[in-house]
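> Pasting the sequence and the predicted coordinates here, then a few questions.
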Amino acid sequence: MTETASAPTAPLRARAEIDLAALRANVRTLRALASGAQLMAVVKSEAYGHGAVRCARAAVEAGAGWLGTATPEEALALRRAGLPGRIMCWLWTPGGPWREAVEADIDVSVSGMWALAEVTAAARAAGVPARVQLKADTGLGRNGCQPGEDWAELVAEALRAEADGVLRITGLWSHFACADEPGHPSIAAQLALFREMVGYAERQGVRPEVRHIANSPATLTLPDSHFDLVRTGIALYGISPSPELGTSADFGLRPVMTLSANLALVKHVPGGHGVSYGHHYVTSGRTTLGLVPLGYADGIPRHASGNGPVLVGGKWRTVAGRIAMDQFVVDLGGDEPPVGAEAVLFGPGDRGEPTAEDWAQAAGTIAYEIVTRIGTRVPRVYVNEQQDGVIR
């Protein structure tokens with residue numbers, strides 16, 4: 001990912017502006033919603049496309065006590081960048097960098113006996129106790145240990161390793177399947193099973209630092225699920241996890257990313273002129289076309305062809321025809337903005353521009369995917385890095 005510390009002096013083809021003041025404000029809002037629980041800022045997948053290191057630093061400045069990643073490589077990159085404090089990662093495969101994670105004081109998630117065996121071997125080799133969090137599958141059906149005999153075996157073996165000084169059981173955790181669907185019966189069922197599995201582990205002698213199950217939607221709407229720690233991902237970046245739950249503004253959150261580009265061409269065309277591959281769009285009369293130098297190689301979803309909204313010259317335009325690998329066209333309806341004029345694909349929406357949610361609806365997907373997929377050819381331009389008058 002290309003990163004730019006501040007607005008560049010030369011115009012860029014395209015840019016993803018990352019407002020770190022908005023991110024810090026979102027952290028503070030989420031901390032207030034989860035009063036009594038610590039907050040984990042999830043910065044996996046380059047902070048959902050926003051830039052992991054910069055966003056992690058801003059989140060910690062605003063009071064996030066934990067950082068979370070999916071892969072151990074992401075967690076180790078944060079340590080190499082100098083991020084202190086608690087970092088957790090949860091997506092492991094056999095042969096992963098267990099020893100490196102143990103030596104970097106990273107909390108690692110364990111869902112089964114194979115992982116417990118690998119992390120204890122790594123801890124013995126390193127001569128350093130591992131920080132281990134046991135994950136329970138309470139109904140999501142992905143990672144996590146099944147309740148019953150499997151959970152009993154995992155807890156017992158982890159406690160034996162802890163008694164031997166090989167590891168410390170720092171957490172018990174799980175993940176909701178449908179927290180973004182208000183009233184879904186699985187929510188209460190998972191919460192009840194999580195309490196049951198945590199209770200069993202604690203009766204056996206586990207003394208976790210943190211118990212956690214709440215993701216972004218649960219943080220926003222399910223206070224009973226907050227326990228000791230909430231894990232905020234998409235909400236951290238000012239995007240609602242689900243339109244059914246409410247908009248970003250409803251929760252006091254502000255989108256952090258604004259994606260824009262400079263028009264590469266403006267030209268007159270006659271009526272009946274085909275536009276882009278397959279001629280799925282044909283002009284209805286004489287008009288002007290604007291060329292936006294972004295395409296699916298930059299993460300613009302091809303499924304939004306013919307539907308994706310763009311703000312040019314203060315007006316909403318719509319993608320005309322197919323989105324290509326590097327570019328797409330908008331019909332300007334006879335308006336003649338200059339070449340180089342700004343085309344805003346999405347942002348907070350307060351300038352009248354579309355939002356990531358608008359693009360999600362146009363592409364038939366979720367806003368998570370819209371921001372996360374913005375590719376490495378698009379520089380991230382960071383604004384509002386100052387806090388208390390200091391450049392971070």
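Yep, it's here. Numbering: from 1, shown residues only.

> From here on, just use CA atoms for contacts and neighbour counts.
Fine.

> Low-confidence stretches in this protein?
Residues of the chain that meet the criterion pLDDT under 70 lie in 1-10, 388-392.

> which outside residues touch the longest helix belonging to it?
If you go by DSSP state H, the chain has its longest helix at helix 185-203. With contact meaning CA atoms under 8 Å, 6 or more residues apart in numbering, helix 185-203 is reached by 136, 138-139, 147, 151-152, 155, 172-174, 176-179, 211, 213, 225.

> where do the strands sit along the stretch 51-200 of the chain?
66-69, 86-89, 107-110, 130-135, 167-173 (DSSP state E, counting those that start in this stretch).

> So which of those strands is nearest Ala356?
If you check each of the strands of the stretch 51-200 of the chain against Ala356 by CA to CA, strand 66-69 wins as the nearest, at 22.5 Å.

> What is that closest one packed up against?
strand 38-42, helix 44-49, strand 86-89 (3 or more CA pairs under 8 Å, 6 or more residues apart in numbering; DSSP states H and E).

> As a markdown table, those with mean neighbour count and distance to Phe328 would be great.
Below are the helices and strands packed on strand 66-69 laid out as a markdown table (neighbours: other CA atoms under 10 Å; distance: least, CA to CA, whole Å):
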| stretch | mean neighbour count | distance to Phe328 |
| --- | --- | --- |
| strand 38-42 | 27 | 32 |
| helix 44-49 | 21 | 21 |
| strand 86-89 | 22 | 38 |
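
> Find the nearest non-adjacent residue to the residue nearest the centre of the chain, please.
Nearest to the mean C-alpha position of the chain, counting by CA atoms, centre = their mean, stands Tyr48 at 3.3 Å. Using CA to CA, 6 or more residues apart in numbering and skipping the chain neighbours, the partner closest in space to Tyr48 is Thr372 (4.5 Å).

> neighbours of that neighbour, just the number please.
A count of nearby residues for Thr372, using other CA atoms under 10 Å, gives 17.

> For it, which residues are in contact?
45, 47-50.

> can you redo these as TSV with distance to Pro270?
Converted to TSV, the contacts of Thr372 look like this (distance: CA to CA, whole Å):
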residue	distance to Pro270
Ser45	44
Ala47	44
Tyr48	42
Gly49	39
His50	40
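
> Pick out the most distant pair among those residues.
Greatest spacing in the contacts of Thr372, by CA to CA: Ser45 and His50 (8.8 Å).

> Roughly how far does Leu253 sit from Leu134?
Separation of Leu253 from Leu134 (CA to CA, to the nearest Å) stands at 31 Å.

> Mind checking which of these two has more residues around it?
Leu134 (27 against 24).

> Dig out what that one forms beta bridges with.
Judged by DSSP bridges, the bridge partners of Leu134 are Val110, Leu172.

> before we move on, the earlier item: now the residue nearest to the centre of the chain: how far from Gly347?
Taken as CA to CA, the span from Tyr48 to Gly347 is 15 Å.

> What are the boundaries of the helices in the stretch 251-392 of the chain?
Along the stretch 251-392 of the chain, the stretches classed as helices by DSSP state H, counting those that start in this stretch are 356-363, 367-372.

> Columns distance to Val339 on top of the ones you listed, output as CSV?
Output for these, formatted as CSV (distance: least, CA to CA, whole Å):
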stretch, distance to Val339
helix 356-363, 24
helix 367-372, 26
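
> Out of the strands of the stretch 51-200 of the chain, flag the one nearest Asn384.
Nearest to Asn384, of all these, is strand 66-69, at 21.0 Å by CA to CA.
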